[in-house]
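1. Model the following, please.
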Amino acid sequence: MDLSKIASTINMRYYSQLGGFQVGGAVSGLDTQSIINAILEAESQPLQSLTEKYEKYELMQKAYEELKTKLGEFRDLVYSFKLQSTIVQKTATSSNENLLSATPSPTAVTGIYHIRIVQAATYTTLLGSNEIVPPPDSTKTFGELDYMHIPQEGTVRIYNNETGSYNDVQILSTDTIDDIVNKLNNALSSLGIVGNASYDASTGKLSVTSDKNFSIVDISGNFTKVFHLDESVVNYDGSTYSLTSTASVSSLSTSKTLTQIASYTSKTIINGIVKINNVEISVDQNDTLSSLIEKINNSSAGVIASYDYHMNKLIITADTSGPQAITLEDTDGTGVFSLLGIETHSLYVGQKAHLQISTDGTNWVDVYSDTNDVVYNGVTFHVSGMSSETVTVDVKVDTDAIVEKIREFVDKWNEIMDYLNEKLTEEPVTDKSEEEMSEEEKMKGVLKGDDFLEGVFRRLRSFITYKVSGDINYLWELGISTGEIGTGYENMMKGRLEVDEEKLREIIEKDPEKVWEFFGGDNGFATQLDDYLWELIKFNGGIDQIAGISGRIEREQRFLATQIADWIERLSRREQELWRKFSAMEDVIAQLQSQGSWIAQALQGNNKQ
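-> Predicted structure coming up:
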């Protein structure tokens, strides 16, 4: 039998659990069922009382769960007041946020800071000495320039933007770079443009100059993409218009495999292991440039690799700023570092951030950091750029923020005290039936005058006059009190607080540290209040001992459930007994009726004689 749920099966009236179908009054004409129900209903009043008491305990459990939740939320706020960062809030205003911003800690020294940015922190960078694929010579055909894009034959149109005229140039796969340059120059000349198209084999870039404003666009094919002219814009220096490739024609697609890259340079590549900063990284001939970069970046080598196609070089950068080392070791002779152009390289060692800081504008202190976050006097200065400008940072107490935080505490305090007052004094709903009431209405009044709740209310209210050791001893010294004479007594009885903002601001501006010490010190207000709240809401704490799994209410419910089960059994036997008695009565009545009929017949026979 589930004792915890048994009461929910009990109604105001008692219903038989025999499950049989009883018929009575056939002889006597009495409504036996109604008579028995009335007797059982009268005799089941103790059962109804037990059930109502059980159900009230269920509502009390829910009310205590709600209390625990509200006190837990209050405790979260109270706990934050133990932290210095909650109370001692400071602001920092920079004269140039783009160059340098600042974040003060609660312990930051207030005042004006003068900052010179001598050096921003930089990252160690390894840059290959060679391009991965050297630019091709001018005899390379257009169809062979498949480094980043697959070349497609088509038509290129050159516009003379000043006259609106244009000329089309056919680009064939078999055209060499020299052929393409000649075709472009012929087209320029036919448009009346004094200009020149040229290819620089040292950079792999194509350039076009003109004395007139011009444009080059693909009508079909992808000539401008292959030569990286599609990303470029025509520049004008006052006399000449020019258009130049943004990258070498041999710049790579990162989807190219190491084997494909090797085919461009006649180098060899084999599978094996390489080390970067002594961390092993596997190399496979079928790795793409992209997948190899991903392997490097996902390793614990402490570097970030990237391919810059404008430079056509692999760049490896330390993932933390400041002086760092980057070492390469091709332990298995894979040839991958040579293939990627970083076997020989330049290493640009990262620099520390260097600030010169003065609090008086005269005496300067050199401060260094591996990162661009430089800490001094409890202030973190965030360096964003370099300049000869002296930046000033004003660090001061954020009085408004502290006042707002303390107001939040007082509002939450009053909310809790109002809630406790309401639960202790609210009346139960009496103008509705149980079926008509909502869950909230059913819970009204279940904690009225509750001894435990009364104790919680009184204990919390006593904190209003709690004395803290230190320079500030009482809430009222901060401007937090029950109010002025007249309203103060009523507020004290209800445990409500008010804030004298002017007085609070005065104390904060004088010494915010003392305000925090009042709340968060070893014997501070928030420390003691937090300890008390924790004792109430923790597992097997004060509330759990009453309404928890093994609490007093649960024990009472189990005891009541046992009594309810006994009463059900007792009433079940009582119903059977009543039916037996009424059945026996029906039998007697039937016999008497039979005897009466026989006597009547006998008397009638004698009269006839």
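2. hey, let's count contacts and neighbours off CA atoms from now on
-> OK.
3. what residues go with each domain of the chain?
-> Per automatic domain parsing, the structural domains of the chain span 64-86+400-544, 90-121+352-397, 125-129+253-348, 148-244, 551-594.
4. Would you mind putting those domains into TSV with mean neighbour count and distance to residue 604 alongside?
-> As requested, these are exported to TSV (neighbours: other C-alpha atoms under 10 Å; distance: least, C-alpha to C-alpha, whole Å):
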stretch	mean neighbour count	distance to residue 604
domain 64-86+400-544	17	62
domain 90-121+352-397	18	118
domain 125-129+253-348	18	119
domain 148-244	17	130
domain 551-594	16	15
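5. To residue 55, which of these lies closest?
-> Smallest distance to residue 55 across the domains of the chain (C-alpha to C-alpha): 8.8 Å, for domain 551-594.
6. next one: that closest one to chain centre, how far?
-> Put simply, domain 551-594 sits 60 Å off its chain's centre (C-alpha atoms, centre = their mean, to the nearest Å).
7. can you check stretch 41-49 too?
-> Going by C-alpha atoms, centre = their mean, where stretch 41-49 is centred and where its chain is centred differ by 55 Å.
8. go on, stretch 272-284?
-> That offset, for stretch 272-284, works out to 37 Å (C-alpha atoms, centre = their mean).
9. how long is it end to end?
-> Stretch 272-284 stretches 7 Å from its first residue to its last (C-alpha to C-alpha, to the nearest Å).
10. average pLDDT across that stretch?
-> In this model, stretch 272-284 has a mean pLDDT of 96.
11. Could you do stretch 137-144 as well?
-> pLDDT averaged over stretch 137-144 gives 96.
12. shaky segments in the stretch 201-350 of the chain?
-> The model of the stretch 201-350 of the chain has no residue with pLDDT under 70.
13. which stretches of it form strands?
-> Here the stretch 201-350 of the chain has its strands, by DSSP state E, counting those that start in this stretch, at 205-210, 214-218, 235-236, 241-244, 272-276, 279-283, 303-308, 313-318, 328-329, 345-348.
14. so which of those comes closest to residue 429?
-> Of these, nearest to residue 429 by C-alpha to C-alpha is strand 303-308, at 69.3 Å.
15. For residue 220, which non-adjacent residue is spatially closest?
-> residue 154 (4.6 Å; C-alpha to C-alpha, 6 or more residues apart in numbering).
16. Same question for residue 470.
-> The shortest distance from residue 470 to any non-neighbouring residue, by C-alpha to C-alpha, 6+ apart, is to residue 518 (7.1 Å).
17. Identify all contacting residues around whichever strand or helix holds that neighbour.
-> Secondary structure assigned from DSSP states H and E places residue 518 in helix 512-520. Residues outside helix 512-520 that contact it (C-alpha atoms under 8 Å, 6 or more residues apart in numbering): 81-84, 87-88, 397, 468-473, 478, 507-508, 524-527.
18. which ones among those residues are found in helices?
-> Within those, residues falling in helices by DSSP state H are 84, 87, 507, 508, 525, 526, 527.
19. was I right about the third one contacting residue 478?
-> Yes: counting by C-alpha atoms under 8 Å, residue 478 is a contact partner of residue 507 at 6.6 Å.
20. Spatially central residue for the protein, please.
-> Geometric centre of the chain, nearest residue: residue 76, 17.8 Å, by C-alpha atoms, centre = their mean.
21. Over to residue 246: give its phi and psi.
-> Here is the backbone geometry of residue 246 (degrees, to the nearest 10): phi -80, psi -10.
22. swap in residue 354?
-> Dihedral angles of residue 354 (phi, psi; degrees, to the nearest 10) stand at phi -130, psi 120.
23. residues in contact with it?
-> 117, 118, 119, 120, 121, 366, 367, 368, 369.
24. I'd like to know how far it sits from residue 376.
-> Relative to residue 376, and taking C-alpha to C-alpha, residue 354 is found at 12 Å.
25. and if you look at residue 260?
-> Relative to residue 376, residue 260 is positioned 53 Å away (C-alpha to C-alpha).
26. quick one on the thing from earlier: using JSON lines, please lay out the domains of the chain together with distance to residue 53.
-> Converted to JSON lines, the domains of the chain look like this (distance: least, C-alpha to C-alpha, whole Å):
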{"stretch": "domain 64-86+400-544", "distance to residue 53": "11"}
{"stretch": "domain 90-121+352-397", "distance to residue 53": "54"}
{"stretch": "domain 125-129+253-348", "distance to residue 53": "65"}
{"stretch": "domain 148-244", "distance to residue 53": "83"}
{"stretch": "domain 551-594", "distance to residue 53": "8"}
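27. Specify the stretch among these that is closest to residue 601.
-> Between residue 601 and those, the shortest separation by C-alpha to C-alpha is 10.7 Å, and it involves domain 551-594.
28. Provide the secondary structure category for the residue lying closest to residue 190 once chain neighbours are set aside.
-> Once flanking residues are discounted, residue 190 sits nearest to residue 167: 7.7 Å by C-alpha to C-alpha, 6+ apart. Classification of residue 167 by DSSP: H, G, I helix; E, B strand; the rest coil places it in strand.
29. mind showing which ranges of the stretch 351-500 of the chain have poor pLDDT?
-> Looking at the stretch 351-500 of the chain by pLDDT under 70, you get 485-488.
30. And the strands in it?
-> 353-358, 365-369, 373-376, 379-383, 390-397, 480-481, 498-499.
31. coming back round to it: element containing the residue nearest to the centre of the chain, please.
-> helix 45-80.
32. Show me what that helix is packed up against.
-> Helices and strands touching helix 45-80, by 3 or more C-alpha pairs under 8 Å, 6 or more residues apart in numbering; DSSP states H and E, are helix 399-425, helix 439-443, helix 525-537, helix 542-547, helix 552-608.
33. repeat that with 6 Å
-> helix 525-537 (3 or more C-alpha pairs under 6 Å, 6 or more residues apart in numbering; DSSP states H and E).
34. what's the span of stretch 457-475 from first residue to last?
-> For stretch 457-475, the end-to-end distance is 18 Å (C-alpha to C-alpha).
35. And the contacts of that stretch?
-> Residues from elsewhere that reach stretch 457-475 (C-alpha atoms under 6 Å, 6 or more residues apart in numbering): 495, 518, 524.
36. and with 7 Å instead?
-> Residues from elsewhere that reach stretch 457-475, judged by C-alpha atoms under 7 Å, 6 or more residues apart in numbering: 420, 481, 495, 514, 518, 523, 524, 525.
37. and if you look at stretch 77-84?
-> Residues from elsewhere that reach stretch 77-84 (C-alpha under 7 Å, 6+ apart): 86, 87, 106, 516, 519, 520, 526, 527, 530.
38. For the residues you listed, which two are the farthest from each other?
-> Top of the distance list for the contacts of stretch 77-84 (C-alpha to C-alpha): 106 and 530, 21.4 Å.
39. sorry, back to before: with distance to residue 536 added, can I get the contacts of stretch 457-475 in JSON lines?
-> Listed next are the contacts of stretch 457-475 as JSON lines, based on distance: C-alpha to C-alpha, whole Å:
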{"residue": "420", "distance to residue 536": "14"}
{"residue": "481", "distance to residue 536": "25"}
{"residue": "495", "distance to residue 536": "19"}
{"residue": "514", "distance to residue 536": "29"}
{"residue": "518", "distance to residue 536": "23"}
{"residue": "523", "distance to residue 536": "19"}
{"residue": "524", "distance to residue 536": "19"}
{"residue": "525", "distance to residue 536": "17"}
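40. Between those, which sits nearest residue 564?
-> Nearest to residue 564 among these, with distances taken as C-alpha to C-alpha, is residue 420, at 32.7 Å.
41. Distance-wise, check that closest one relative to residue 305.
-> 62 Å.
42. Name the nearest residue to residue 230, sequence neighbours excluded.
-> residue 224 (5.2 Å).
43. and the direction of the helix holding residue 76 versus that of helix 552-608, what angle?
-> 160 degrees (axes from the mean of the first three to the mean of the last three C-alpha atoms, to 10 degrees).
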